[in-house]
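S.K.: The following comprises the amino acid sequence and a computationally predicted model.
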Amino acid sequence: MKKIMISTGGGDAPGLNAVIYAVVHACYRKGWEVYGSRSGYKGFLDRDEMCRLRTEDVEDIYATGGTILGSTNKGNPFEMPVENYAGEVKVVDISEKILDNFNRMGFDCHIAIGGDGSLEIAERFSRMGMPVIGIPKTIDNDLEATDRTFGFDTAVSTATEALDKLHSTAKSHDRVMVVEVMGRDSGWIALYSGISGGADVLLIPEIPFDMEKVCAKIMDNELHGKNYAIIVVAEGAVAAGGEVISKGGGEVGRSELLLGGVGEWVAKEVRERTGKDTRSLVLGHLQRGGSPTTFDRLLAMRFGAAAVRLVEKGTFGHMVALKSPHMGSVPLADAVKSRKKVNVNSDKVYTARDIGVCLGD
């Protein structure tokens, strides 16, 4: 009998519970025990934050959003902010303690579900000797080693539905609507939803944009009798010669910026340059919530079941990866090596241009 620990880290994504469901059921059929660590690595530090997961504990969770284990993007064990009695916050490394507890409690494997940040942490634990299997999770779809990550399809569906609804209100008021979507420095959500949702302008990080060309597209709409426009902008999109717009720094110990605000900036520029009534909307965490689509449920369950097969084979230090149509694996070190960007010469970008979508260049 094997004893498995499972954790979810980083931002939540539709399909996390479906992964947990698949892992628990696949392990149950092998006679293995599964435990969950709440809020990332808390269960490795405090037994009260660890829970036994039986099949009855995960009944029907595959259809629900979020994660029954909770998640955090502020729980890096290698750079953990700790407040002392004097109220001072210091960054400490508690990774050795976590590894000691993992071994002392007799676990055979840690299945870590997360995006690039969480998987980087898992890879570091793997190098320390912890048997780890990674499962890719990010709505941004920006992990190079896998064709697709679960949560992406649901996020795109949410964004597309929002765009469908905005068309009617924009048309009613002859208004320009600017919609900011997630994706960090990759434009996958913006590209998929922008094309599918009938956007007039689509701005992604991979293509620096020129506001003159954006406004020219809006005025061209006017010449053809279309007095409104929909602009989709990825949160990491950048004007040519400009800088990434952000709300400030990231969490303690990480240099990543807290992105956001580019949608409002674009709206302001359009308003001033064209005189059009322009409003901005940030979809934000709506894209993370809700029940996963059929595609994401199935993909999440395939990831979970494949992870258990890797445990059985002893293929540790690897991440489950979709290489359509098959499930495979790649070393964790390779999985977190680079982020997947939109290929500006891809068919989807060509499609956007061919149907008249302005990409700002």
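M.R.: Great, that's in hand. Small disclaimer: the values here were computed from a predicted structure and weren't measured.
S.K.: Just the buried residues of stretch 40-47, please?
M.R.: Using 16 or more other Cβ atoms under 10 Å as the test for burial, stretch 40-47 gives Gly40, Tyr41, Lys42, Gly43, Phe44, Leu45. Heads up, the C-betas are built off the backbone N, CA and C, glycines and all.
S.K.: doesn't Met5 make contact with the second one?
M.R.: No - counting by Cβ atoms under 8 Å, no contact exists between Tyr41 and Met5, whose distance comes to 9.8 Å.
S.K.: pLDDT weak spots in the protein?
M.R.: For the chain, the stretches with pLDDT under 70 are 248-257.
S.K.: let's go with 50 and repeat that
M.R.: For the chain, the stretches flagged by pLDDT under 50 are 250-255.
S.K.: how does it divide into domains?
M.R.: The chain breaks down into these domains under automatic domain parsing: 3-150+292-335, 155-288.
S.K.: Can you verify Asn227 is assigned to a helix?
M.R.: No - applying DSSP: H, G, I helix; E, B strand; the rest coil, one finds Asn227 to be coil, outside a helix.
S.K.: Could you pull up phi and psi at it?
M.R.: Per-residue torsions, Asn227: phi -100, psi 10 (degrees, to the nearest 10).
S.K.: Same check on Gly75?
M.R.: phi -120, psi 40.
S.K.: dump the residue contacts of the closest residue to it other than its chain neighbours.
M.R.: Closest residue in space to Gly75, ignoring its immediate chain neighbours: Gly40 at 3.7 Å, by Cβ to Cβ, 6 or more residues apart in numbering. Gly40 makes contacts with Ser7, Thr8, Gly9, Ser71, Thr72, Gly75, Ser118, as judged by Cβ atoms under 8 Å, 6 or more residues apart in numbering.
S.K.: hmm, try it at 7 Å
M.R.: With contact set as Cβ atoms under 7 Å, 6 or more residues apart in numbering, Gly40 has these partners: Ser7, Gly9, Ser71, Thr72, Gly75.
S.K.: re earlier: can you list which of the buried residues of stretch 40-47 are found in helices?
M.R.: Lys42, Gly43, Phe44, Leu45 (DSSP state H).
S.K.: Output the residues you listed in CSV, with distance to Asn343 appended to each entry.
M.R.: Conversion of these to CSV gives the following (distance: Cβ to Cβ, whole Å):
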residue, distance to Asn343
Lys42, 39
Gly43, 40
Phe44, 39
Leu45, 42
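S.K.: Ile121 and Ile94, how far apart?
M.R.: Separation of Ile121 from Ile94 (Cβ to Cβ, to the nearest Å): 12 Å.
S.K.: sorry, that was for Met128
M.R.: Taking Cβ to Cβ, one finds Met128 at 12 Å from Ile94.
S.K.: now Arg175
M.R.: Separation of Arg175 from Ile94 (Cβ to Cβ): 52 Å.
S.K.: circling back: and Met128 and Ile94? which has more neighbours close in?
M.R.: Each of Met128 and Ile94 has its neighbours counted (other Cβ atoms under 10 Å); Ile94 has more, 17 against 14.
S.K.: quick one: contacts for that one?
M.R.: Pro77, Met80.
S.K.: Next up, phi/psi of it, please.
M.R.: Note on Ile94: backbone dihedrals following degrees, to the nearest 10 are phi -110, psi 20.
S.K.: which helices and strands sit right next to the helix or strand containing Ala18?
M.R.: Assigned by DSSP states H and E, Ala18 falls within helix 16-28. Here helix 16-28 touches strand 3-8, strand 33-37, strand 109-114, helix 294-313, going by 3 or more Cβ pairs under 7 Å, 6 or more residues apart in numbering; DSSP states H and E.
S.K.: number of nearby residues for Ser118?
M.R.: When counting by other Cβ under 10 Å, one arrives at 29 neighbours for Ser118.
S.K.: ok, it to His110 distance?
M.R.: Ser118 sits at a distance of 12 Å from His110 (criterion: Cβ to Cβ).
S.K.: for Met80, same thing?
M.R.: Per Cβ to Cβ, Met80 is found 17 Å from His110.
S.K.: Ala307 too?
M.R.: From Ala307 over to His110 (counting by Cβ to Cβ), the distance is 11 Å.
S.K.: out of those two, which sits in the more crowded spot?
M.R.: Higher neighbour count among Ala307 and His110: Ala307, with 30 against 25, using other Cβ under 10 Å.
S.K.: gap between that one and Gly328?
M.R.: Per Cβ to Cβ, Ala307 is found 12 Å from Gly328.
S.K.: before we move on, what about Arg104?
M.R.: 33 Å.
S.K.: in the stretch 151-300 of the chain, which spans are strands?
M.R.: For the stretch 151-300 of the chain, the strands defined by DSSP state E, counting those that start in this stretch occupy 176-181, 201-203, 229-234, 246-249, 257-259, 278-282.
S.K.: Convert the C-alpha atoms of the last one to CSV, please.
M.R.: The C-alpha coordinates for strand 278-282 follow below in CSV (Å, rounded to 0.1, in the frame of the first residue of the first chain):
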residue,chain,number,x,y,z
THR,A,278,-15.7,54.5,-23.9
ARG,A,279,-15.9,52.3,-20.9
SER,A,280,-13.6,49.6,-19.5
LEU,A,281,-14.4,46.3,-17.8
VAL,A,282,-12.0,44.0,-16.0
